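J.: Starting from these lines, generate the structure:
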Amino acid sequence: MNNPNPSQKQKDIETTVKKIVSLMLGLEPSDIHEEDFLIDDLHMGPADLTDLGERLSEAGLNVEEIDFQETETLGDLIDMLSAEEEI
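T.: The predicted structure is shown next:
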């Protein structure tokens, strides 16, 4: 995340995203980092990104305005989700 002092809401979103990604990929949440590229580092394909969007939506996050194919890093995704929640 680019914010040096994240809000509690942003921390909660980060925890949720990491938990979902870890379950999808069979990794520990501690092995997933904000700098990780969704496609290059985490090896997520188009179907994985679609599934991620569905799971985040089911978790109560607003994903309507997010283009998962254009989102590069996990931190970018967390920032976008946090911005959507503030609207």
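J.: burial measure for the closest residue to Gly75 other than its chain neighbours, as a count.
T.: Leaving aside its chain neighbours, Gly75 sits nearest to Glu34 (3.4 Å; criterion: C-beta to C-beta, 6 or more residues apart in numbering). (C-beta placed from N, C-alpha, C; glycine too.) The number of residues packed near Glu34 is 16, by other C-beta atoms under 10 Å.
J.: Verify the stated contact: Glu34 with Leu74.
T.: Yes: in terms of C-beta atoms under 8 Å, Glu34 counts as a neighbour of Leu74; the distance is 5.2 Å.
J.: Show me whatever sits in contact with both of the two.
T.: Residues within reach of Glu34 and of Leu74 at once, by C-beta atoms under 8 Å, 6 or more residues apart in numbering: there are none.
J.: ok, back up a step: from Glu58, how far off is the residue nearest to Gly75?
T.: 22 Å (C-beta to C-beta, to the nearest Å).
J.: In this protein, where is pLDDT below threshold?
T.: 1-5, 86-87 (pLDDT under 70).
J.: quick one on the thing from earlier: state the helix or strand in which the residue nearest to Gly75 lies.
T.: Assigned by DSSP states H and E, Glu34 belongs to no helix or strand.
J.: Tell me which residues touch it, please.
T.: With the criterion set at C-beta under 8 Å, 6+ apart, Glu34 makes contact with Met1, Glu14, Thr73, Leu74, Gly75, Ile78.
J.: I'd like the secondary structure assignment at the spatially closest residue to Pro46 that is not a sequence neighbour, please.
T.: Sequence neighbours aside, Gln69 is the residue nearest to Pro46 in space, at 6.9 Å (criterion: C-beta to C-beta, 6+ apart). State at Gln69, reduced to three classes by DSSP: H, G, I helix; E, B strand; the rest coil: coil.
J.: ok, how many other residues are close to Gln69?
T.: Gln69, neighbours per other C-beta under 10 Å, totals 10.
J.: Buried residues in the helix or strand harbouring Asp79, which are they?
T.: Per DSSP H and E: Asp79 is located in helix 74-86. If you call a residue buried by 16 or more other C-beta atoms under 10 Å, then helix 74-86 has these buried ones: Leu74, Gly75, Asp76, Leu77, Ile78, Asp79, Met80, Leu81, Ser82.
J.: Nothing else from me, thank you.
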